[in-house]
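Q: predicted model and sequence follow; I will ask about them next.
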Amino acid sequence: MSDLFEASGIHPPDAPLADRLRPASLDQVVGQDHLLGEGGPIRRMIEAGRLGSMILWGPPGTGKTTIARLLAKAAGYQYQQISAVFSGVADLKKAFEQARVRRAAGQSTLLFVDEIHRFNRAQQDGFLPFVEEGVVTLVGATTENPSFELNGALLSRSQVFVLKRLDDAALNQLLIRAEAEEGLPLPLTLEARQALLALADGDGRYLLTMAETLFALPPEPLDVQALAATLQRRAPAYDKSREEHYNLISALHKSVRGSDPDAALYWLARMLNGGEDPLYLARRIVRMAVEDIGEADPLSLLVANAAKDTYDFLGSPEGELALAQAVVHLATAPKSVGVYEAFKAAKRAAAETGSLMPPAHIRNAPTKLMKSLGYGKGYQYDPDTEEGFSGANFFPDEMDRRVFYKPKGEGHEEKVKARLERWAAMRAAKSGTS
């Protein structure tokens, strides 16, 4: 019976609120105007009367399944749905055979594959001949980055459309429809209603599930505290092994590099709230200290390592404050990639020059034979020189002197830069090249 209701677009009265409020047309879909609105790419497909295979990529509760169903309806295609979680090879073969029979009868099939990234590479390859022959128009839905999770061959035969998480305006539209469906307002104060939108975190289906719980309560409005006691806050959408992890750590690192302590603290909190391993964050903070700050503020490396040690000692949640302190220190420190760039250049030079020996005067001379060969001859101990600087050559004799480290002049490096410039002038004077 439920299949008959679904096919007709009518839902039984005891269906969940989210099902009863499923849009009946693409115009009723909220929050995806960039795809479905005037001039949007999916809208243009409908107007042209021909659908192409596509991948709908977006967070949960943004309308992927609904859009696929309504696309089939608008284009006059037969809608067929399978889930990669529950379907195997036999289910795929059956779906393709049914689509082939329909095609022979002049009926096109839109095959919607939910969680398409769950199919392995071989199973994904199995779609290719049926998509190429036009047996099915494939619409795949995924919450994961298609670039990482889907075969290149399948992606090349599909357009990828990115669905946005629902903003507060779109979520509020859903609440207004829910209130009209139920015939009564949500029992919430204005502040609690805003808090409910925040709890939904861009997921329309989750919002309507929470609203359904609230409609069953007495009509007295709940404030924010009462709402929090009534509804369980869910964990934020965050997968430590997938794209969201890399997006957020990139945001944290670039906020520190961009000297924005407030944004850096926000992304640090987002990752910790999502369950990220604090020691992973500590390692990344140490990397920031050596990669983006370096000699502009040598103390940053000590602070970063101390934060790691502090977290090791205290654990969560107290130790997380040390990470926050390190992030603020690094974000507010002067920045320099002088050492980072110098080491990369030195490594390239080392690879180019191979096995050149050090000049004889700085070679180790533990034996008489080595001394007789000139090892260590003429070496000057710099601290004993009048100026504390000998100006000697420390590069291989066969290699011209190169400058790898070029201080940027920020923070501590301002003094380092002046010192190196003075030594360069002294070196040139001693060698007679000034």
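A: Looks like it arrived, so ask away.
Q: off-centre distance for stretch 202-220?
A: Its chain's average C-alpha position is 30 Å from that of stretch 202-220, according to C-alpha atoms, centre = their mean, to the nearest Å.
Q: now do it, average pLDDT.
A: Stretch 202-220 shows a mean pLDDT of 90.
Q: now swap in stretch 350-369 and tell me
A: The predicted model assigns stretch 350-369 a mean pLDDT of 87.
Q: okay, how far is it across it, tip to tip?
A: Distance between the boundary residues of stretch 350-369 (C-alpha to C-alpha, to the nearest Å) amounts to 28 Å.
Q: just stretch 372-385 next, same as before
A: End-to-end distance for stretch 372-385: 25 Å, by C-alpha to C-alpha.
Q: can you list contacts of it?
A: The contact list for stretch 372-385, computed with C-beta atoms under 8 Å, 6 or more residues apart in numbering, reads 360, 361, 362, 363, 364, 365, 370, 371, 388, 389, 390, 392. Bear in mind the C-beta positions are built from the backbone N, C-alpha and C, glycine included.
Q: what are the buried residues along it?
A: Counting neighbours by 16 or more other C-beta atoms under 10 Å, one finds that the buried residues in stretch 372-385 are residue 375.
Q: could you give the mean pLDDT of it?
A: Predicted confidence along stretch 372-385 averages 87 (mean pLDDT).
Q: centre of the chain to that stretch, how far?
A: A distance of 55 Å separates the C-alpha centroid of stretch 372-385 from that of its chain, computed with C-alpha atoms, centre = their mean.
Q: the chain should start at 45 in everything you say after this.
A: New numbering, starting at 45: the last item is stretch 416-429.
Q: of all the contacts of stretch 416-429, which two lie farthest apart?
A: Of all pairs drawn from the contacts of stretch 416-429, the widest gap by C-beta to C-beta lies between 414 and 432 and measures 27.9 Å.
Q: filter the contacts of stretch 416-429 down to the ones in helices?
A: 414, 415 (DSSP state H).
Q: buried members of the contacts of stretch 416-429 into PyMOL, please.
A: Only the buried members of the contacts of stretch 416-429 enter the following PyMOL selection, criterion being 16+ other C-beta under 10 Å:
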select buried, resi 404+405+409+433+434+436
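Q: run the chain-centre distance for stretch 295-309.
A: Chain-centre distance of stretch 295-309: 15 Å, with C-alpha atoms, centre = their mean.
Q: send the alpha carbons of it over as PDB?
A: The C-alpha trace of stretch 295-309 is given here as PDB (Å, rounded to 0.1, in the frame of the first residue of the first chain):
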ATOM      1  CA  ALA A 295      40.700  26.000   7.200                       C
ATOM      2  CA  LEU A 296      42.500  25.900  10.500                       C
ATOM      3  CA  HIS A 297      45.900  26.000   9.000                       C
ATOM      4  CA  LYS A 298      45.100  28.800   6.600                       C
ATOM      5  CA  SER A 299      43.500  30.800   9.400                       C
ATOM      6  CA  VAL A 300      46.700  30.600  11.400                       C
ATOM      7  CA  ARG A 301      48.800  31.400   8.400                       C
ATOM      8  CA  GLY A 302      46.500  34.400   7.700                       C
ATOM      9  CA  SER A 303      46.900  35.700  11.200                       C
ATOM     10  CA  ASP A 304      43.300  35.400  12.200                       C
ATOM     11  CA  PRO A 305      43.200  33.900  15.700                       C
ATOM     12  CA  ASP A 306      39.400  34.100  16.000                       C
ATOM     13  CA  ALA A 307      38.800  32.100  12.800                       C
ATOM     14  CA  ALA A 308      41.500  29.700  13.900                       C
ATOM     15  CA  LEU A 309      39.900  29.100  17.200                       C
END
